[in-house]
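Trainee: 3D, please:
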Amino acid sequence: MSYLCNLVSVENIDKDISANNYLGQNYPNPFNPVTIINYSVKIDGYVSLRVFDVLGNLVATLVDGEQSAGNYNIEFSASKLSSGVYFYVLQTRVFVQTKKLVLRK
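Mentor: Below you'll find the model as predicted:
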């Protein structure tokens, strides 16, 4: 299966993390075509960050694997997607959170 989007970068920005897992609101929002998503994981382990359209179809997998505890930011390019509302979901073994992002071309 091929995805319509390109992952630009993932960067561990700080190992000094808060006591909780965290998924930040993307910025800018609305965006065109690149946005940044911040998130934190409090323990080493499996992390998944995926983007879905409003029908629940997976359009991009940004992270899917083991990560060390820390704060991260990821730059996401949606240049091949059409304008609209999308949802991104951060999931670890003990945490799931969803946020909305808006692509405006």
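Trainee: now the residue lying closest to residue 43 once chain neighbours are set aside: how far from residue 56?
Mentor: Closest residue to residue 43 apart from its sequence neighbours, by C-beta to C-beta, 6 or more residues apart in numbering: residue 69 at 5.3 Å. C-beta here means a position set from N, CA and C on the backbone, and glycine is covered the same way. Separation of residue 69 from residue 56 (C-beta to C-beta, to the nearest Å): 30 Å.
Trainee: between the two, which one's more packed in?
Mentor: residue 69 (15 against 7; other C-beta atoms under 10 Å).
Trainee: So what does that one have for phi and psi?
Mentor: phi -60, psi 140 (degrees, to the nearest 10).
Trainee: cool, residue 76 as well?
Mentor: phi -120, psi 130.
Trainee: now for the helix or strand where residue 85 lies, which elements pack on it?
Mentor: Assessed by DSSP states H and E, residue 85 sits inside strand 84-92. Other helices and strands packing on strand 84-92, by 3 or more C-beta pairs under 8 Å, 6 or more residues apart in numbering; DSSP states H and E, are strand 34-41, strand 45-53, strand 96-103.
Trainee: Please point out which parts of the longest one sit buried.
Mentor: Same thing as strand 45-53. 47, 49-51, 53 (16 or more other C-beta atoms under 10 Å).
Trainee: could you dump the helices and strands packed on strand 84-92 to CSV with distance to residue 78?
Mentor: Formatted as CSV, the helices and strands packed on strand 84-92 follow (distance: least, C-beta to C-beta, whole Å):
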stretch, distance to residue 78
strand 34-41, 7
strand 45-53, 8
strand 96-103, 5
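Trainee: could the ones you listed go into CSV alongside mean pLDDT?
Mentor: Converted to CSV, these look like this (pLDDT from 0 to 100):
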stretch, mean pLDDT
strand 34-41, 96
strand 45-53, 97
strand 96-103, 96
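Trainee: returning to what we had before: just the buried residues of strand 45-53 now: which is nearest residue 37?
Mentor: Distance to residue 37 across the buried residues of strand 45-53 (C-beta to C-beta) is lowest for residue 49, with 7.1 Å.
Trainee: Quick check, pLDDT for residue 93.
Mentor: As predicted, residue 93 sits at a pLDDT of 89.
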